[in-house]
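Novice: Fold the following for me, if possible:
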Amino acid sequence: MQSITLIVGREQRIGDNWRNRYHALTLHNQVAGQPPSVHAFSTNWPTYIPKDKLAGWFEAYVESMELSYWAATEFRGGAYDEREERWAVVLHRADGTTREMRPRHIVMATGASGIPNLPDIRRCATSAARSCTPANMLTARNGRARTPWSSHRQQRPRYCAGPLLERGQVTLVQRSPTLIVNIEPSAQLPYALYDEGPPLEDCDLINTSIPLPLARKSPQALTEQARKWTRGSGMEVLMRSQSSRGGPSS
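Specialist: Modelled structure (predicted):
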């Protein structure tokens with residue numbers, strides 16, 4: 001694109017946003033469905049990429065592509081200048097200094113679930129209890145666990161509870177019924193197109209061209225199928241309304 005770019009990340013090391021997450025984490029979609037456009041993953045990589053391997057790949061990618069990257073740098077905010085058609089953004093560096101940059105464009109690549117949502121539990125505020133999330137689970141594994149774990153979304157609390165269970169008692173607290181399905185074949189059904197032979201670019205184009213109202217029907221259909229598979233198993237499945245995204249946790 002012949003444009004000058006700068007990448008900033010607040011972690012100390014490239015890839016730490018993956019490296020510092022909970023120990024059991026691997027990607028849930030298979031390696032064949034997400035090859036990079038350059039520096040493709042090695043053919044001997046596992047089907048489900050461990051988080052540390054992915055973190056190392058990001059670090060090697062930045063080095064080999066000679067990308068301009070400022071680690072330990074936090075984006076503090078910015079404002080758009082309509083007259084100059086540029087942004088004025090403030091970056092806070094690890095040494096305590098600040099830099100003001102004037103880019104024409106900003107790309108926010110922060111993911112979908114980067115901000116922890118910790119419940120306000122009165123007794124925790126007045127006790128020696130520690131709160132941890134999947135993002136800081138690596139350090140939380142060092143302590144003993146006699147901790148209720150609030151399970152509010154998908155599979156992460158169950159993965160995180162495993163290491164804590166090795167050090168004490170763990171209680172999972174869940175707001176509503178959910179469904180946990182095997183990663184194969186159930187969780188791979190949304191990615192079935194990538195296993196059918198079309199080039200990756202065609203698969204991506206097909207998936208992104210589906211109108212959102214129609215795309216919402218896919219997880220709802222998968223949830224209904226999961227309901228049939230788990231009928232009689234003792235698990236309770238809560239079907240969401242047709243206006244929501246629906247779908248089971250994987």
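Novice: so what secondary structure elements neighbour the helix or strand hosting C203?
Specialist: Per DSSP states H and E: C203 is located in helix 200-208. Helices and strands touching helix 200-208, by 3 or more Cβ pairs under 8 Å, 6 or more residues apart in numbering; DSSP states H and E: there are none. In this view, the C-beta of every residue, glycine as well, is placed from N, C-alpha and C.
Novice: That one - what's its average pLDDT?
Specialist: Helix 200-208 carries an average pLDDT of 86.
Novice: which parts of it are buried?
Specialist: If you call a residue buried by 16 or more other Cβ atoms under 10 Å, then helix 200-208 has these buried ones: C203.
Novice: Tell me the helix or strand right after it.
Specialist: helix 212-215.
Novice: Return the alpha-carbon coordinates of that following helix using PDB.
Specialist: Presented in PDB, the C-alpha positions along helix 212-215 are these (Å, rounded to 0.1, in the frame of the first residue of the first chain):
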ATOM      1  CA  LEU A 212     -26.200 -10.700   8.900                       C
ATOM      2  CA  PRO A 213     -29.900 -11.700   9.300                       C
ATOM      3  CA  LEU A 214     -29.200 -14.900   7.400                       C
ATOM      4  CA  ALA A 215     -25.900 -15.400   9.200                       C
END
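Novice: Let me know the angle separating the helix or strand just after it from helix 200-208.
Specialist: Going down the chain from helix 212-215, the next helix or strand is helix 217-230, by DSSP H and E. Here helix 217-230 runs at 90 degrees with respect to helix 200-208, directions being taken by axes from the mean of the first three to the mean of the last three Cα atoms, to 10 degrees.
Novice: can I get the CA coordinates of the helix holding C203 in CSV?
Specialist: Presented in CSV, the C-alpha positions along helix 200-208 are these (Å, rounded to 0.1, in the frame of the first residue of the first chain):
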residue,chain,number,x,y,z
LEU,A,200,-9.1,-19.9,1.3
GLU,A,201,-9.9,-16.6,-0.4
ASP,A,202,-13.1,-17.9,-1.9
CYS,A,203,-14.2,-19.4,1.5
ASP,A,204,-13.6,-16.0,3.2
LEU,A,205,-15.5,-14.2,0.4
ILE,A,206,-18.5,-16.5,0.7
ASN,A,207,-18.6,-16.2,4.5
THR,A,208,-18.3,-12.4,4.6
